[in-house]
Structure formats: structure tokens, C-alpha cells
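J.: Give the three-dimensional model of this entry:
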Amino acid sequence: MTTISLATLLESGRNEVRALRRNGRGKILVAVAFPWALLLGSRMALPVLLPYIRSEFGLSLSVVGFLVTLLWFGGAVGQLPGGVLADEYNEGLIMTVGVGVVAIALTFVVLAPNAATLFVAVLLWGLATSLYPIARITVLSEIYPERLGSALGLTMASGDVGQTLTPPIAGALAALFVWQAGLGFVIPLLIVGGVGVWFLVPRSPRADDTTETLSVDTARYVLAEWRRPTMVFVSFILVLFFFFWQAFTSFFPTYLVVEKGISTSTAGLLFGAFFAAGAVVKPVAGMAYDRIGMRWALIAVLVGPVAGLLLLPIVDSFEAILVVTLAISTMLGNGAVTQSFVAEQFPAEIQGTGLGAVRTLAAMVGATGPVVFGVVADRGFFDEGYVALAVILVVVIGLTYRMPRPEGSR
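T.: Okay, the predicted model is just below:
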């Protein structure tokens, strides 16, 4: 029975890949996914480099938490404008500009002569990154109207490949050379990715009346859709999850170094393993969303992390920490489920604006996670902080179970 189930699962996966590649769409998916891997990979390299940055600039945990908050806050603030621009102009153009400005911002980060310059450059980095996510989702919804969950899940899995490889590479380069090398190597790759987006992502025509995106009537339209009970629930779920996600990822490598006595390079490998597991989880979560809907797909990916976070403070061996890390990593399937769901709740003409508004609210509140967690850690409550994050996930699971079912949903 197990063999048959595994064969069926593998065949289903092969069928999905064939469907995603059909009619020349595979190269577009790759062009969208490659820069996404670099954007997320570089962003997750920063937590691995925090011990070096703390040492060079003489910063406390609270202050480096604020540095990470700036990165996430910049990424949050720009998502609504990014969604509006995705509706107003061509997605390929917006994505190319975002990748190009990130390359410029990273150049300023690695050349920063003082902490003030570093903080400003990191904020620019976050703002530029925010141009990519919504345009990525709306262009995929146009190219894969029948398989958005699978396409988005695979694209998000590419982000996990970037997040798997970049942190350990960054940690190794920082140990061998200087911490700046851990981010600097990404810059030429971003340039290549931006060129690929420019030439391969199709130019979607925009109607003459698309300027309505910016009108008061359209804002009312978005708010009317947002006020539906289902959207209120899922928006609050996203707020809690973004807070949890940003607090956890910002300090996990530092936690391993400070509390578990693990070397920076080994912490980078564990952080990479966390995202490597996500590269498997996200496509599966996307397929689960397409088949069974949001409620049970989301609950399934969040149960493991609750157990893992409760165990994290009490395990000490490398093997046990690795197992706990992998258990927590199933939460990475969240995005393929919730973002596909939110995108499908808005009509096509305001999809980018609506999704951008929801993500902006959630990410802006969530961006406070690193600085709040940094303050908690500075006061000696690192372990208790992770238990509190587990409680937040329990609340998310409860809200997901109680979420009203939208009309016509699965």
C-alpha cells in the first residue's frame, strides 16, 4: 500500500511539472523563480551575518533586531505601491526595476563605512525587494489560471533553494574573508536575474482605463472586498504569521550561536537546512491547496512547528536540533496556501492592489517582530521567546479552523 501511494504521489508530481511546462510556460516560471531565490536568499543571509555586524559596529541584540526590522519594514511598506504598479504597468518591468535596485542597495550595504549608512542602505534594500512579490503573483495568476497554487508553490520553493544555499555560503565567505563577501557575491547574480526577467516575462497589455487603479472608487472596491468576514480572518492570520515568521528567522542563527554554543558556520548550515526542507514542503502545500482548499492545508503545515518550537529550548545535541529545525520548517508551506487564497479572493482588475494591501498590513505589523524579539533576547529570555512564538502559531491554527468559508470555496 505504501509503495502504491508513493508511486501515485510521484506520478502526480510529474504530471504537475509537465502541466506547468506546457505551451512554453516553463521558461517564464524559471525566469520569475530565479530572481526570487536570490532576493530571499540574500535577505536570509543577513541573520547569519549579524554576529559579525554586531562586532564590527558595536551593536546590541536590540539594535541589530531593529536593523532586520528595517529590512522587513521596507519590504512591507512597498508592497501596496508594488501591487498598484503591477496593476497599472507591466509586471516584467516592475520586477526588473525591483531586482536592479536591490543590487544597488546591496552595493551600498557592503561598502557602508558606518552604522548610519548601513541602516539606510538596508531600508532601501527592503523597499526595492517589495516591488517583486506582488508582480510575481499576479503574473503567475495570468500565466497559470488553472494551477496558481502549484506554480506559486514551486516559485516559493525556488526561494527556499536560495535561502538554503545563500546562508551557509554567506557564513563561509564571512569566516574566510569578511562579512561583506557574504552579501557581495549575490550582486552579479541579481543582474543576471534581472536581465532574464526583462527578456522572458511576457508583456501583458494594459487597458486604457487602468488608471482607475489609483482612484477613490477602486480604493472603496478593495476595502469592500477586504471587509468580508473571510478576508478579515485571513488578514489577521497573516498579521500573526508575519510577526512570528520575522521574529523567528531574524534570530534563529544568532540563537544557535549564543544559546546552543554552535559555530556561526554550522548555524548557517542549520538555517540552510531549514529552507532546504521548505523547498519540498512548498510545492506539496501548493498542490494540497489546489485539491483540499486553504483550511486543512494550512493547519497541516503549522502543527509540526508548534511541537518543534516547544522542544527547541530543551534540546542540545546537534542531531536533536536538526530534527527540531526540520519540524519547524513545515511552516514554510504557509505562503503557498495563504497567498494563493488571498489572490483568488480579489477580482482580476484589482488583484495586485488588493493582495498588496493585505500583505502590506500584515508585513508592516510583522516587521516589529525582530526588534520585539531582540528586546526579549537582550533581557535573557531567548528560550521563553520561542515558546511565545509557539503560542502565536496555536492561535493561528485556531483561527484557521474557525475561519468562515467563502462562497464557492473548497
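J.: got the phi/psi numbers for the residue nearest to Phe382 when sequence neighbours are not counted?
T.: Spatial nearest neighbour of Phe382, excluding adjacent residues (CB to CB, 6 or more residues apart in numbering): Glu259 at 5.2 Å. For the C-beta atoms, the positions are set from N, CA and C on the backbone; glycine is no exception. Backbone geometry at Glu259, expressed as degrees, to the nearest 10, gives phi -90, psi -30.
J.: Equivalent analysis for Asp316, please.
T.: Dihedral angles for Asp316 - degrees, to the nearest 10 - are phi -130, psi -30.
J.: ok, it to Lys260 distance?
T.: 7 Å (CB to CB, to the nearest Å).
J.: Those two: which is more packed in?
T.: Neighbour totals were compared for Asp316 and Lys260, and Lys260 leads with 18 against 10 (other CB atoms under 10 Å).
J.: pretty sure Val110 is touching Gln180, no?
T.: Yes - between Val110 and Gln180 there is a contact at 3.9 Å, judged by CB atoms under 8 Å.
J.: Roughly how far does Glu91 sit from Ile143?
T.: If you go by CB to CB, the gap between Glu91 and Ile143 works out to 10 Å.
J.: Look up the pLDDT of the residue nearest to Phe382 for me, please.
T.: pLDDT, Glu259: 90.
J.: which residues of the stretch 101-250 of the chain fall in helices?
T.: 115-129, 131-143, 148-176, 181-184, 186-200, 216-226, 229-258 (DSSP state H, counting those that start in this stretch).
J.: who's more crowded, Glu91 and Ile143?
T.: Glu91 (26 against 19).
J.: For the more buried one, give me its contacts.
T.: With contacts defined as CB atoms under 8 Å, 6 or more residues apart in numbering, the neighbours of Glu91 are 135-136, 138-139, 201, 204.
J.: What is the nearest of the residues you listed to Phe381?
T.: Among the contacts of Glu91, Arg136 lies closest to Phe381 (CB to CB), at 36.9 Å.
J.: my guess is that closest one contacts Ala37, does it?
T.: No - here Arg136 does not reach Ala37: they are 11.6 Å apart, not a contact under CB under 8 Å.
J.: How about the contacts made by Leu71?
T.: Applying CB under 8 Å, 6+ apart, the residues contacting Leu71 are 43, 46, 122-123, 125-126.
J.: Could you rerun that using 10 Å?
T.: 43, 46-47, 105, 109, 119, 122-127, 129, 246, 250, 367, 370 (CB atoms under 10 Å, 6 or more residues apart in numbering).
J.: same deal with Val139?
T.: 28, 31-32, 86, 90-92, 94-95, 151, 197, 201-202, 204, 352.
J.: Can you say which of these are buried?
T.: Buried by 16 or more other CB atoms under 10 Å: 28, 31-32, 86, 90-92, 94-95, 151, 197, 201, 352, out of these.
J.: Tally up the residues packed near His185, please.
T.: You called it His, but residue 185 is Phe. Neighbour tally, Phe185, other CB under 10 Å: 17.
J.: Which residue comes closest to it once chain neighbours are left out?
T.: Nearest to Phe185 is Leu173, by CB to CB, 6+ apart, at 6.5 Å.
J.: Give me the average confidence score over stretch 110-129.
T.: 95.
J.: For it, buried residues please.
T.: Quick answer for stretch 110-129 (16+ other CB under 10 Å): 110, 112, 118-119, 121-129.
J.: And for stretch 272-291?
T.: 272-279, 281-290.
J.: what about the residue nearest to Phe382, neighbour count?
T.: So Glu259, with other CB under 10 Å, has 15 neighbours.
J.: quick revisit: for Arg136 and Ala37, list the residues in contact with both.
T.: 155-156, 159.
J.: Next up, identify which helix or strand the nearest residue to Ala327 once chain neighbours are set aside is on.
T.: Distances taken as CB to CB, 6+ apart put Gly308 closest to Ala327, at 3.6 Å, once the chain neighbours are dropped. Using DSSP states H and E, Gly308 falls within helix 294-311.
J.: what's the angle from that helix to helix 229-258?
T.: Relative orientation of helix 294-311 versus helix 229-258 (axes from the mean of the first three to the mean of the last three CA atoms, to 10 degrees): 20 degrees.
J.: for the record, mean pLDDT for helix 294-311?
T.: Mean predicted confidence for helix 294-311 is 89.
J.: Give the next helix or strand downstream of that helix.
T.: Moving toward the C-terminus from helix 294-311, the next element (DSSP H and E) is helix 318-328.
J.: With only the CA atoms kept, save that next one in PDB.
T.: Provided in PDB are the C-alpha atoms of helix 318-328 (Å, rounded to 0.1, in the frame of the first residue of the first chain):
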ATOM      1  CA  PHE A 318      23.300  18.800  17.000                       C
ATOM      2  CA  GLU A 319      21.100  15.800  15.800                       C
ATOM      3  CA  ALA A 320      18.200  16.800  18.000                       C
ATOM      4  CA  ILE A 321      18.400  20.500  17.000                       C
ATOM      5  CA  LEU A 322      18.400  19.400  13.300                       C
ATOM      6  CA  VAL A 323      15.300  17.300  13.800                       C
ATOM      7  CA  VAL A 324      13.500  20.200  15.600                       C
ATOM      8  CA  THR A 325      14.600  22.600  12.800                       C
ATOM      9  CA  LEU A 326      13.100  20.300  10.200                       C
ATOM     10  CA  ALA A 327       9.900  20.000  12.100                       C
ATOM     11  CA  ILE A 328       9.600  23.800  12.300                       C
END
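J.: what element comes up after it heading to the C-terminus?
T.: Next element after helix 318-328 (DSSP H and E): helix 334-345.
J.: Packing partners of that following helix?
T.: helix 131-143, helix 148-176, helix 229-258, helix 264-292, helix 294-311, helix 351-366, helix 382-402 (3 or more CB pairs under 10 Å, 6 or more residues apart in numbering; DSSP states H and E).
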